[in-house]
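Colleague: Return a 3D structure for these sequence lines:
(2 chains)
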Amino acid sequence: MSTIFRVLGRRVSIGKRSFSTSGEAEKLPREGKNLVNLFTAINQALHIALETDPRAYVFGEDVSFGGVFRCTTGLADRFGRDRVFNTPLCEQGIAGFAIGLAAMDNRAIAEIQFADYIYPAFDQIVNEAAKFRYRSGNQFNCGGLTIRSPYGAVGHGGHYHSQSPESFFCHVPGLKVVIPRSPRQAKGLLLASIRDPNPVIFFEPKWLYRLAVEEVPEEDYMLPLSEAEVIRKGSDITLVGWGAQLSILEQACEEAAKEGISCELIDLKTLIPWDKETVEASVKKTGRLIVSHEAPVTGGFGAEISASIIERCFLRLEAPVARICGLDTPFPLVFEPFYMPTKNKILDAIRATVNY
Amino acid sequence: MALLRRFVSSSPSTSTLLRSVSHCPRFFSSASEDQTLIIETSVPFTGHKIETPSRSVETTPKELLSFFRGMSLMRRMEIAADSLYKAKLIRGFCHLYDGQEAVAVGMEAAITKKDSIITAYRDHCIFIGRGGTLVEAFAELMGRTAGCSNGKGGSMHFYKKDARFYGGHGIVGAQIPLGCGLAFAQKYSKEDTVNFTLYGDGAANQGQLFEALNMSALWDLPVILVCENNHYGMGTAEWKASKSPAYYKRGDYVPGLKVDGMDALAVKQACRFAKQHALANGPIILEMDTYRYHGHSMSDPGSTYRTRDEISGIRQERDPIERVRKLILSHDLASASELKDMEKEIRKEVDDAIAKAKEIPMPDPSELFTNVYVKGYGVESFGADRKEVRAILP
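Modeller: Got it, this is the predicted structure:
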């Protein structure tokens, strides 16, 4: 199924992030539909999570007034400060505290204010959370742990408000890493992550918090983890991405279609454990693959996808797997448009791969 | 109440803020420039495991006027940065220091450029205090080549090597262990210099602060940990984040001093005292009781977690610039209209600096790849088709 989501009024530099599906871009149905943006969808998911489970807690820096991105508005007033509370400024403490809370069968939903700040918590997440069930022989676990964090470029974030650290966590067996692409996906995936009996890191694309607007069902619903989704069918080349990058990939697919290249686009959704079967089936059909993400190319998660697909589909591949990713530099300040994997870079890669 | 004593003695050489601003003739109604004045701080110091310094601070008319000029310049710069941000000439995140100028100015008055300073992201005014120019500051904010970090750092990453200003750090609390390392190096080289590590009330809850305190106390490092307590860690008030908001006591075995951070003279006294202590005995914590008028950053209105009455109350009662203005006027060191002229001149200077900074070009796109590694030991970067090498990163 295709997603219709509309990006509103983005100021443009290079690499314009505006999106249009043919014919429907200008009409924005407003009457009677539950059109919400990403932070509202996440807020709805959190409300439902706390409503349905009396032992669910939301905490993090500045969450009680609503949080820096408004994802936690209204929670403290509705559920009380015993369940929704601010923590001091200590990520390592927040993560460790969340793990302990989860170890006693509670649902601990911790927020790390920006993914760039997650590194002090890295030890807790990798050494404590991921290995708890394993090393205690299944006596204990912190499956109720969900860590939510805004990640990714936002146009002017600079070094410490734009990073995409997902690949560090993909290297850790025992964790799940989930990244939604749109409001409807976010609500379903977040509820699924919270209720999943394993520790999950949920990265939210901060660029889309206000910009992505979509119809989101009001009820409680979950979307399955570890299932990738083919959001656009094609036959010449497969493109894989996640989060905010999908809108760029979708634009590139549109333009490639005008040149007669039929692109198949897959949203990975869960990065580990990732849905190898769906991607493999698609590459067996098309014979070509491009992976795109904002994180630097060397050691990014695209490398894992590329290696796995080559192992599985070597004889079917018509061209090497291409990775269009951020450059191998720290996330820059003024040079962001050059660093980012833009639509044109992807188009170049599509053409080069198809004409290999 | 202030005492005025007439001595004929030379004043200790103090701030070098005048280096970055143009000289203007000063007219004194009475009292010579270098005459010593003794002025009492607004409140006495409170100590933790240490005897507090005296409340009476020695200063000179020259110093007071330089405080006034320095703080007004900083205030004007921050307000101009606010407008530039709203005009989208400054992008990214911008954390303004207005309200806290007394800390920057008072600290500089007590130390030399050989003492090192390291701070977090609210660093524009510390940079100016260290001798940075307005043009460098605005150029860096706008991401231009002539900025102090060549346009690559932005608002949160100002540095000045020749003045031993080690920046400018985005991650909260990360600069604290760094500062202790700097202090170790300074102790090792036997220069009799100290390091000032600045952090905020939010950062005071980071584990790395306590790790660093332990190391510096163990090894007697000449580090002065300055907690700029503006009472709000972004949107969270100090009493909601800290069990003990008495940050000067948090060092436990490390002595501490609580200082009125809105009084430049108190800051100067405390920093001078702390420097002597650190050189002789090792680390000490200074808690500066200060306040920021703006929100945490330009994305934060600053009014969702505190009342406007509180902000305007502090502005009326404790504003650092107004305090110095009153001192100057009550001691007849300059007339009100002279001070107004000074302010007008500062305003013009800031506007000129902005105009000049706007002319400076953005860095060349090849700068994206410079300084990732040391030159010559870089990485190759491939084009989109992964076949040809497009660039070898310098």
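Colleague: contacts, neighbours, all on C-alpha from now
Modeller: Noted.
Colleague: Contact partners for the residue in the stretch 151-300 of chain A positioned nearest to chain B?
Modeller: In the stretch 151-300 of chain A, the residue that lies nearest chain B is A:His156 (4.5 Å; C-alpha to the nearest C-alpha). Neighbouring residues of A:His156 by C-alpha atoms under 8 Å, 6 or more residues apart in numbering or on different chains: A:Leu333, A:Val334, A:Glu336, B:Arg91, B:Gly92, B:Phe93.
Colleague: and the fourth one, backbone torsions?
Modeller: Meaning B:Arg91. Phi and psi for B:Arg91, reported as degrees, to the nearest 10, are phi -110, psi 180.
Colleague: Nearest residue to it in space, please, no chain neighbours.
Modeller: In space, B:Arg91 comes closest to A:His156 once its chain neighbours are excluded; the distance is 5.8 Å by C-alpha to C-alpha, 6 or more residues apart in numbering or on different chains.
Colleague: Could you say which helix or strand holds that neighbour?
Modeller: When elements are assigned from DSSP states H and E, A:His156 belongs to no helix and no strand.
Colleague: neighbours around the residue in the stretch 251-356 of chain A that chain B sits nearest to, how many?
Modeller: Relative to chain B, the nearest point of the stretch 251-356 of chain A is A:Ala349 (5.2 Å; C-alpha to the nearest C-alpha). For A:Ala349, the count of nearby residues is 22 (other C-alpha atoms under 10 Å in any protein chain shown).
Colleague: Other residues contacting the helix or strand hosting it?
Modeller: Using DSSP H and E, the element containing A:Ala349 is helix A:343-354. For helix A:343-354, contacts defined as C-alpha under 8 Å, 6+ apart pick out A:15, A:236-237, A:248-249, A:251-253, A:255-256, A:288, A:290, A:292, A:319-320, A:322, A:324, B:384-385.
Colleague: Any of the residues you listed buried? List them.
Modeller: Those of the contacts of helix A:343-354 that meet the buried threshold are A:15, A:236-237, A:248-249, A:251-253, A:255-256, A:288, A:290, A:292, A:320, A:322, A:324, B:384-385, by 16 or more other C-alpha atoms under 10 Å in any protein chain shown.
Colleague: Please flag which of these sit within strands.
Modeller: Of the buried ones among the contacts of helix A:343-354, the ones assigned to strands by DSSP state E are A:Ile237, A:Ile290, A:Ser292, A:Ala322, A:Ile324.
Colleague: Out of those residues, which comes closest to B:Lys240?
Modeller: Using C-alpha to C-alpha, A:Ser292 is the member of those that sits closest to B:Lys240, with 42.1 Å.
Colleague: and the gap between the closest one and A:Thr270?
Modeller: 15 Å (C-alpha to C-alpha, to the nearest Å).
Colleague: Could you find the closest non-adjacent residue to the closest residue to chain A within the stretch 201-350 of chain B?
Modeller: Distances between the stretch 201-350 of chain B and chain A by C-alpha to the nearest C-alpha are smallest at B:Ala241, namely 4.6 Å. Nearest residue to B:Ala241, sequence neighbours excluded (C-alpha to C-alpha, 6+ apart): A:Pro88, at 4.6 Å.
Colleague: Confirm for me that that neighbour is in contact with B:Ser242.
Modeller: Yes: proximity of A:Pro88 to B:Ser242 meets the contact threshold set by C-alpha atoms under 8 Å, at 6.8 Å.
Colleague: Between the two, which contacts overlap?
Modeller: B:Asn205.
Colleague: Same drill for these two, tell me which one is more crowded.
Modeller: The neighbour count for A:Pro88 versus B:Ser242, taken as other C-alpha under 10 Å, is higher for A:Pro88 (25 against 18).
Colleague: In a helix, the more buried one, correct?
Modeller: No: looking at A:Pro88 with DSSP: H, G, I helix; E, B strand; the rest coil, it is coil, so not inside a helix.
Colleague: measure it to A:Ser136 for me?
Modeller: 30 Å.
Colleague: what's around B:Ala185, how many residues?
Modeller: Around B:Ala185 there are 16 residues (other C-alpha under 10 Å).
Colleague: which SS class is it?
Modeller: Look at B:Ala185: counting by three-state DSSP, its state is helix.
Colleague: B:Met107 contacts B:Lys275, correct?
Modeller: No: the criterion here is C-alpha under 8 Å, and B:Met107 misses it with B:Lys275 at 10.3 Å.
Colleague: Could you check how far A:Pro199 is from A:Gly152?
Modeller: Using C-alpha to C-alpha, one gets 21 Å for the distance from A:Pro199 to A:Gly152.
Colleague: Please report phi then psi for B:Phe165.
Modeller: Here is the backbone geometry of B:Phe165 (degrees, to the nearest 10): phi -100, psi 110.
Colleague: ok, for it, nearest residue in space, not its chain neighbours?
Modeller: That would be B:Ile117: by C-alpha to C-alpha, 6+ apart, it lies 5.1 Å from B:Phe165.
Colleague: Could you do B:Ala212 as well?
Modeller: Closest to B:Ala212 by C-alpha to C-alpha, 6+ apart is B:Pro177, at 5.0 Å.
Colleague: For chain A, what lies in contact range of chain B?
Modeller: A:61-62, A:65, A:86-90, A:92, A:117, A:156-158, A:160, A:322-324, A:327-330, A:332-335, A:338-339, A:345-346, A:348-349, A:352-353 (C-alpha under 8 Å from any C-alpha of the partner chain).
Colleague: got the contact list for the residue most central in space within chain B?
Modeller: The centroid of chain B falls nearest to B:Ile126 when counting by C-alpha atoms, centre = their mean (3.0 Å). Each residue near B:Ile126 by C-alpha under 8 Å, 6+ apart is listed here: B:Ala104.
Colleague: rerun at 10 Å
Modeller: B:74, B:97, B:101, B:103-105, B:107-108, B:117-119, B:132, B:158-159, B:165, B:167-168 (C-alpha atoms under 10 Å, 6 or more residues apart in numbering or on different chains).
Colleague: and it, what are its phi and psi?
Modeller: Torsion angles, degrees, to the nearest 10, at B:Ile126: phi -60, psi -40.
Colleague: any idea what A:Glu264 is structurally, helix, strand or coil?
Modeller: Under three-state DSSP, A:Glu264 comes out as strand.
Colleague: Give me the neighbour count for it.
Modeller: For A:Glu264, using other C-alpha under 10 Å, the count is 24.
Colleague: dump the residue contacts of it.
Modeller: A:230-240, A:250, A:253, A:282-283, A:285-286, A:288-289.
Colleague: let's go with 8 Å and repeat that
Modeller: Residues near A:Glu264 by C-alpha under 8 Å, 6+ apart: A:Val230, A:Ile231, A:Arg232, A:Lys233, A:Gly234, A:Ser235, A:Asp236, A:Ile237, A:Thr238, A:Leu239, A:Ser282.
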